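Colleague: make a model of this:
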Amino acid sequence: MPKSNTSARSITYASAINEATRQLMAEDDSVFVLGIGVDDPRGIYGTTSNLSREFGQDRVVNMPLAEDAITGIASGSSMAGMRPIVVHERMDFMLLAMNQLINVAAKSHYMYGGAVKVPMVVRSIIGRSWGQGAQHSQALQSFFMHVPGLKVIAPTTPYDAKGALVASIKDDNPVIFIEHRMLHNYKGQVPKDLYSVPFGKARILRAGEDITIVGISHAMVECIRAAQSLASSSVSAEVIDPISLSPLDVETICESVEKTGNLLIVDNGWTPCGASAEIMSLVVENVQGYEKVKMRRMGFEFVTSPTTKILEDLYYPDSRKIAKNAYDLIKGKKTDWEPDVQESPEIDEFKGPF
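Modeller: Sure, this is the predicted structure:
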């Protein structure tokens, strides 16, 4: 866990993002926010609340429903010396801006021999929310991990959300900053002052000896719950939050796997060609004696994101499924053990607005 700080206090994930944005906008006039609904009173789950009132509509720019144009403005203005923060309330609709992201933002620094910088942050929100379904619940982080020139960040804790956003805004490269909507109300200790969380450095959220569990975004919350259930059955799970998906901290994960001899990766996304596949491949390439390591991946069922709660419960990996998979993996067989786990209250309590 992050070290204690005398200036830290407990705030939500959304407040941590809002605070990082506000502090950097006050410090640097080149930082501005644009997106659909960024000046709405609801403030994108509270992440942009009151920014328009404080900095004006010239720096908190509400945009029409035109994702490609919004992202094009961001990439162009960043090359002209600005530091835009684009907010896409659903990652699904970033697909409408893929040319700007992949053929322009990711490549311009290389194509112009380093003469051009593209310091833009693209905040993209993922995750389920009371039946949003096929076109509104996808997590497409592996699409962006595949592209050189893009950094991909998916912090889980409020501390890391603030620090990683500060690092992203100050970076001279385009950054895809992923937020799961179920994380926005989570609270944690966050320092008042500005600080950065570095790219490419994972965080061990729970130490353990028997199995390494790597969780991505909100899946990390379920992994922690699963680890607590496993502990009641004398299984010690080491839980790792990558935070940064590209670049990825391979060393921390591999050191843990070498210690535990078991690896379970839980992605908030589909498993084929996904982040879990990349992590497992890197473990195979870097861990001596990897053939003795028992490994398994979990993620979305490989079907289109469903709408109904009953189907969602089958579709998404939860703490019960994670604990059961981890236990059976360690034992090397399917067992009769059933975990006693805390349910996911944030899913039932989620009220929107989207």
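Colleague: tell me where this protein has strands.
Modeller: 8-12, 31-35, 60-62, 83-88, 121-126, 151-153, 175-180, 187-191, 203-206, 211-215, 237-241, 244-246, 262-270, 294-300 (DSSP state E).
Colleague: mind showing which ranges of the stretch 101-250 of the chain have poor pLDDT?
Modeller: When residues are selected by pLDDT under 70, those of the stretch 101-250 of the chain lie in 129-131.
Colleague: one more pass at 80, please.
Modeller: For the stretch 101-250 of the chain, the stretches with pLDDT under 80 are 129-132.
Colleague: not counting stretch 107-120 itself, show me its contacts.
Modeller: In this structure, residues lying in contact with stretch 107-120 by CB atoms under 8 Å, 6 or more residues apart in numbering are 74-75, 77-79, 83-86, 105-106, 149, 169-175. Placement of C-beta: from N, CA and C, glycine included.
Colleague: show the buried residues in these.
Modeller: When neighbours are counted using 16 or more other CB atoms under 10 Å, the contacts of stretch 107-120 contain these buried positions: 74-75, 77-79, 83-86, 105-106, 149, 169-171, 173-175.
Colleague: among the residues you listed, name the ones in helices.
Modeller: Residues from the buried ones among the contacts of stretch 107-120 lying in helices, with DSSP state H as the criterion: 74-75, 77-79, 169-170.
Colleague: check the residues you listed and tell me the two furthest apart.
Modeller: Ser75 and Lys170 (17.7 Å; CB to CB).
Colleague: any idea which residue sits dead centre in this protein?
Modeller: The geometric centre of the chain, computed from its C-alpha atoms, lies nearest to Ala154 (CA atoms, centre = their mean), at 2.0 Å.
Colleague: which residue comes closest to Lys334 once chain neighbours are left out?
Modeller: Among residues not flanking Lys334 along the chain, Asp328 sits closest, at 5.4 Å (CB to CB, 6 or more residues apart in numbering).
Colleague: give me the neighbour count for that neighbour.
Modeller: Around Asp328 there are 16 other residues, counting by other CB atoms under 10 Å.
Colleague: who are the neighbours in contact with it?
Modeller: 334-335, 337.
Colleague: I'd like these as JSON lines, with pLDDT and neighbour count appended.
Modeller: Compiled in JSON lines, these are given as follows (pLDDT from 0 to 100; neighbours: other CB atoms under 10 Å):
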{"residue": "Lys334", "pLDDT": "95", "neighbour count": "9"}
{"residue": "Thr335", "pLDDT": "95", "neighbour count": "11"}
{"residue": "Trp337", "pLDDT": "95", "neighbour count": "13"}
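Colleague: and which of those is nearest to Asn18?
Modeller: Of all those, Asn18 sits closest to Trp337, with 42.6 Å by CB to CB.
Colleague: how close does the closest one get to Leu314?
Modeller: Applying CB to CB, to the nearest Å, the value for Trp337 to Leu314 is 21 Å.
Colleague: also Ser108?
Modeller: 43 Å.
Colleague: which one's more surrounded, those two?
Modeller: When Ser108 and Leu314 are compared on other CB under 10 Å, the one with more neighbours turns out to be Ser108, at 19 against 12.
Colleague: and stretch 30-50, end to end?
Modeller: 19 Å (CA to CA, to the nearest Å).
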